[in-house]
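Student: I'll drop the sequence and a predicted model, then ask my questions.
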Amino acid sequence: MDLARVEVLRGPQNILYGKNSIAGALSVITNKPSKEFEAYVSGTYEPEFGEQIFDAVVSGPLSDDFSARLAYRNRQLDGYVENIDGDDEPNRDEETLRLSLAWDITPNLDALLKIEHGSFDVEGRQIEIAGDEASLNPALMGANWSDTLYSLNAGSDTVPASVLDITQNAKRSSNGDFSENTTDNVTLTVNYSANDYTYTSITSHLEYDYDELCDCDFTSADLFFVRSKEEFKQFSQEFRITSPADQTIEWIAGVYYQDSTLDFEDAFFVSQDADLPNLLEGILPTAFSADGGLTTVYNTGAAQQLRGISVPRFFDQDTEVISTFLQGTWNIESNVRLTLGGRYSYEEKEATRVLTVKDSSGNTMPYDELFIPNTYMGIDYLLGAVFKVARNDLEGKREVEKFAPLVSFEVDVSDDVLSYVTWTRGFKSGGYDVRSNAPPQATTIVNPISSALDVTVPTGAFEYAEEEATTLEVGLKTSLADGAAELNMAYFYTQYDDLQVSIYDGVLGFNVGNAAEAITQGVELDGRWLIAEGLTLSGSLAWLDFEFKDYINGQCTQRERITTSLSECDFDGNSNQYVAEWSGAFAADYVVDVADNLQLRTTLDVLFTTDYNPSQNVDPNIEQDGYHKINARIALGDNEAGWEVALVGKNLTDEETISYANDTPLAANLTQSIGYYTLVDPGRSIAIQGLYRF
C-alpha cells in the first residue's frame, strides 16, 4: 500500500539485514510525507471473485519543517473457491491505516515516525481434497477415504455427498474455518549528519495476534477441528554510522538489539456430535486387525470417549538478540572495488511446550495407557494408536554465537560492463518447534498385559539447529545500445548445512528439523530494453538445480509409509519442494500520447515455469505441471487532470494451478488410503481500476 519501491536482494544479506535473510531480502519502502500537498483515491472492482479495493492517501506540510502522510486501504474478497456446503471462499476483509510524520528538526537532524495498524479477517480457505485413491488395505475392499467417510450415513451420522468430490476443480466441502488477525507496527528513524558522517537510529515495535479455527480434516465430515491463538511482540533498536561517500574507503557500521516474546496455544478437539468416534468404531476395525485385539475393542465403544475431548498445546518463547556489524568498500582504483563485511550475533532463546489431554469440561485427564483387549482402552493408548499423539512437557534454553562474513570484488570492465564475484556465509536462527505432537524421542505406550500390545508414537521434535548457507556468486551487469538496454547475468552456488525443514508426521502434526546438507545452484538473467519511444521490453530467466546431499530423515510419501511401515525416508539425491528447472517472466510496456494530455498505457506480461513439486515430501503423485500465465493492463489517463481508468486481466488463459500440497490428514494412518489436500490458486479475473489525484 502506497509504496515508493520494492527492492529484491538476492543471496544471503546477513551483514546489513540480519540473521534470517539467509536466501535474500525483500525491502519494501513506503512513500514518505511530501513537502507539497498531494492526495489521491483509487479503486479496483473485480466481479468474478467479488474483489473490491479502495485506497486513499493525503500528504503534505503541516508547517515549514513538519509534514504528514496518511494512507488507508480497504480490501474485500468474496472468494474464488466454491464451498459446496456454503459460500465462496476464502472470504477476506482487510483494512490498513498508516500515518507517517516527518520532522526536519535542524538542517542536520531529521526524524520519521511511522505508525501502522492492520486487520484482516478470513472465512474459509482455498483448500480442496484431490487425488483420493483406493485403500491399500484389502479388508476395506477398495474404498477410498471419501467413500469411507460417506459410508457413515449408513449409521447415525450425516455426511454430505459433497465429501465425494475429489477432483481438483476449485470446489471444496469443509466446515467453519475462520482466521482473525491484527497487526501493529511503530518505527522511528532518526538521522543526524556531521562532518559528512550520517548517524542513524531505528527504533521499532511490532506486534500481531490471531485467533483461528481450522476444519483441518478438510472435508465436510465432522471429524476434528483445531483452534489456535498466537500473540507476538518484538522491540528492536539499531544504531548505524555511515561514512562519507566518494572516499577511498567507505563503510557502514552498527549495533542491533532485539527482544521478542511469542505466546501460542492451540487445541485439536472432537465435538460431542462428531463423526470421528463412529468412524473409528464402526468402519475401521478391520484396518487394525494386526494390532493385537484393537479390532474387538473398537466394537465395545472405546472410541466414544473421544467425544468432547481436546488435546491442547501451550508454547511460550522469549528471544534476545545482540549483534554488531561492519561493511566496508575499498575503492582500489576508479574501476576496482573490494568489499569486506562481517556480522557477529549472539542469540538467546528460552521456550516451553506442554501438550496434554482435557475432557469436555476442560479438566486435565489423568494419564491412562491401559489397554485390556475386549474390555478397556485408556485415552492415551487410543490417542497414541490413532493419532500418534503423546503428552509432553518440555523446556529448553539455547545460546548461540555466530559470525557471518562477506567478501565481494567488483571490476568495471568498461563504462558499460561491471563484473563481480561474491562469497558470503549467512545463517538462520535455530529454535524450538511449536507444532510437533510428540516429544523428540520415540514414545512407547507400554501395555501392562503384553508387550505385543505396546503402541509406539514416532519421534517428534522440540529443538532444531541453526541453518547455514555458504554462497558463491559471479556475475555481469551490462549497459547496451547506448544506455537503452540493460542485461544482467549471474551464476550462484549455495551449500546449505543443517537446512531447516518442516516434516509432516503423516497424521496431524508437523516436526521442524534439519537436513544435514543440500546443494543448490542456478543461473539468472534479467534485462530491459527501450526499443523505441514509449515501448519497453523486460524479462527474466532462471535455471535452478537443487539436491539433498545428506538427509536421511525426510518425510516419506504415503505409499512408502503404508507399504514399508517407515516413518522416515532417505532423501539423498532428491530435489526439493517448489524447484522448477526453468522459470521466467517477460513483459512489454507501451505508452503513447493519443490526444492533448491523454496517454494510453498498456502492459502485457507472461509468467512461466516448468514442472515443480508443491509437496513437502516431493510426492511424484502430486506434481504441478509447467504452465504460463498471461496478465495484461490497458489504461487511459490524463496527466494534467490527474485521472486514470484501467482494465486489468490476470491469468487470462485461466490456468488451473496449486501452490501447495500435502497428505490428507488421518487417511493413510487409519484406512491406508492415499490422498492429498491442495491450496488452489485463483483462476482468470478481469477488473476495472480508477485513480484520481487531487
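Tutor: Yep, it's here.
Student: For the stretch 101-250 of the chain, which segments count as strands?
Tutor: Ranges of strands in the stretch 101-250 of the chain, per DSSP state E, counting those that start in this stretch, are 109-123, 127-130, 171-172, 178-194, 197-214, 225-242, 249-269.
Student: Direction included, what does the second one pair up with?
Tutor: I take that to be strand 127-130. Partners of strand 127-130 in the sheet, by DSSP bridges, are strand 676-680 (antiparallel).
Student: can you check the longest one too?
Tutor: When sheet partners are counted by DSSP bridges, strand 249-269 sits next to strand 225-242 (antiparallel), strand 310-333 (antiparallel).
Student: between those, which gets nearest to residue 453?
Tutor: Closest of the strands paired with strand 249-269 to residue 453 is strand 310-333, at 22.2 Å (criterion: Cβ to Cβ). Using the backbone N, CA and C atoms, a C-beta is placed for each residue, glycine as well.
Student: ok, then the element right after that closest one?
Tutor: strand 336-355 (DSSP states H and E).
Student: relative to strand 310-333, how tilted is that next one?
Tutor: 170 degrees (axes from the mean of the first three to the mean of the last three Cα atoms, to 10 degrees).
Student: Report the mean per-residue pLDDT for whichever helix or strand comes after strand 336-355.
Tutor: With elements assigned by DSSP H and E, the helix or strand that comes after strand 336-355 is strand 371-372. Average pLDDT, strand 371-372: 71.
Student: Now do the next helix-or-strand element following strand 371-372, average pLDDT.
Tutor: Per DSSP H and E, the first helix or strand lying C-terminal to strand 371-372 is strand 376-377. For strand 376-377, mean pLDDT rounds to 76.
Student: Just after strand 376-377, pick out the following helix or strand.
Tutor: Of the helices and strands lying after strand 376-377 in sequence (DSSP H and E), the nearest is helix 379-387.
Student: how much does that following helix deviate in direction from strand 310-333?
Tutor: Going by the same axes, to 10 degrees, helix 379-387 makes 60 degrees with strand 310-333.
Student: got the CA positions of whichever helix or strand comes after helix 379-387 in PDB?
Tutor: As assigned by DSSP H and E, the chain's next helix or strand after helix 379-387 is strand 392-414. Presented in PDB, the C-alpha positions along strand 392-414 are these (Å, rounded to 0.1, in the frame of the first residue of the first chain):
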ATOM      1  CA  ASN A 392       4.900 -33.800  26.500                       C
ATOM      2  CA  ASP A 393       6.100 -31.100  28.900                       C
ATOM      3  CA  LEU A 394       9.300 -29.700  27.600                       C
ATOM      4  CA  GLU A 395      11.500 -26.700  28.200                       C
ATOM      5  CA  GLY A 396      14.800 -25.500  26.700                       C
ATOM      6  CA  LYS A 397      17.300 -22.800  26.600                       C
ATOM      7  CA  ARG A 398      19.900 -22.200  23.900                       C
ATOM      8  CA  GLU A 399      22.600 -19.600  23.500                       C
ATOM      9  CA  VAL A 400      24.300 -19.200  20.100                       C
ATOM     10  CA  GLU A 401      27.100 -17.000  18.800                       C
ATOM     11  CA  LYS A 402      27.600 -16.700  15.000                       C
ATOM     12  CA  PHE A 403      29.700 -14.700  12.600                       C
ATOM     13  CA  ALA A 404      28.500 -14.000   9.100                       C
ATOM     14  CA  PRO A 405      31.300 -12.900   6.700                       C
ATOM     15  CA  LEU A 406      31.200 -11.400   3.200                       C
ATOM     16  CA  VAL A 407      33.800 -10.800   0.500                       C
ATOM     17  CA  SER A 408      33.000  -9.100  -2.800                       C
ATOM     18  CA  PHE A 409      35.200  -8.000  -5.600                       C
ATOM     19  CA  GLU A 410      34.000  -5.700  -8.400                       C
ATOM     20  CA  VAL A 411      35.700  -4.600 -11.600                       C
ATOM     21  CA  ASP A 412      34.200  -2.100 -14.100                       C
ATOM     22  CA  VAL A 413      35.500  -3.800 -17.300                       C
ATOM     23  CA  SER A 414      34.300  -0.700 -19.200                       C
END
